[in-house]
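# The sequence isn't on hand, but the structure is:
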């Protein structure tokens, strides 16, 4: 059984100035990225359940799901469990909006500060992040830290996020 999923990524055509002058030719390349398949311990509903004290101890805890993310944020940011769970709920709402709006490339929505911190912690676990986004959103949700440098656009995305959160969640 094949235990790897292949993802093809098309890169922009490369321009070779010497050959272009001679033949006016462009070349493009395709890169195959191997991403291991995994048996998900969760579905899109149970992924969000948090159990910081599993029966059988840490060794019985899954390496997937929100529990791992919550514990990482508690360690990394010094949050207590209550704060981490509140931020997780906000992260869930944010990802729900990203999915509804198909904002895969961070063009329309920006997270608040704490959700951004949790999102970054999730992204750092790259393999699980990709699998989790496919499970939760059906698409990998891109993160672009450079977009925050355009303050006018960042403010527009912040306002859109705030408005959509109020409309959807009250």
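Nice, I can see it. Please read all numbers here as calculations on a predicted model, not as lab measurements.
# Going by C-alpha atoms from here, please, whenever you check contacts or count neighbours.
Will do.
# Quick check: buried residues in stretch 126-144?
Under the neighbour-count criterion of 16 or more other CA atoms under 10 Å, stretch 126-144 has 128-133, 135-137, 139-141, 143 buried.
# same question, stretch 86-102
87, 88, 90, 91, 93, 94, 95, 96, 97, 98, 99, 102.
# export those residues to JSON lines and tack on secondary structure and distance to residue 153?
What follows is the buried residues of stretch 86-102, written out as JSON lines (DSSP: H, G, I helix; E, B strand; the rest coil; distance: CA to CA, whole Å):
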{"residue": "87", "secondary structure": "helix", "distance to residue 153": "24"}
{"residue": "88", "secondary structure": "helix", "distance to residue 153": "25"}
{"residue": "90", "secondary structure": "helix", "distance to residue 153": "22"}
{"residue": "91", "secondary structure": "helix", "distance to residue 153": "21"}
{"residue": "93", "secondary structure": "helix", "distance to residue 153": "21"}
{"residue": "94", "secondary structure": "helix", "distance to residue 153": "18"}
{"residue": "95", "secondary structure": "helix", "distance to residue 153": "20"}
{"residue": "96", "secondary structure": "helix", "distance to residue 153": "21"}
{"residue": "97", "secondary structure": "helix", "distance to residue 153": "18"}
{"residue": "98", "secondary structure": "helix", "distance to residue 153": "17"}
{"residue": "99", "secondary structure": "helix", "distance to residue 153": "20"}
{"residue": "102", "secondary structure": "coil", "distance to residue 153": "18"}
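# ok, so of these, who is nearest residue 45?
residue 96 (12.0 Å; CA to CA).
# Report the separation between that closest one and residue 161.
Residue 96 sits 11 Å away from residue 161, going by CA to CA, to the nearest Å.
# thinking again about what came up before, out of the buried residues of stretch 86-102, which comes closest to residue 54?
So of the buried residues of stretch 86-102, ranked by how close each gets to residue 54 (CA to CA), first place is residue 88, at 18.5 Å.
# how many neighbours does residue 164 have?
Using other CA atoms under 10 Å, the number of residues around residue 164 comes to 16.
# just the helices in this structure please.
All helices of the chain, identified by DSSP state H, fall at 17-23, 66-77, 81-101, 113-124, 126-137, 151-169.
# so which of those comes closest to residue 51?
Going by CA to CA, the one of the helices of the chain nearest residue 51 is helix 66-77, 5.9 Å.
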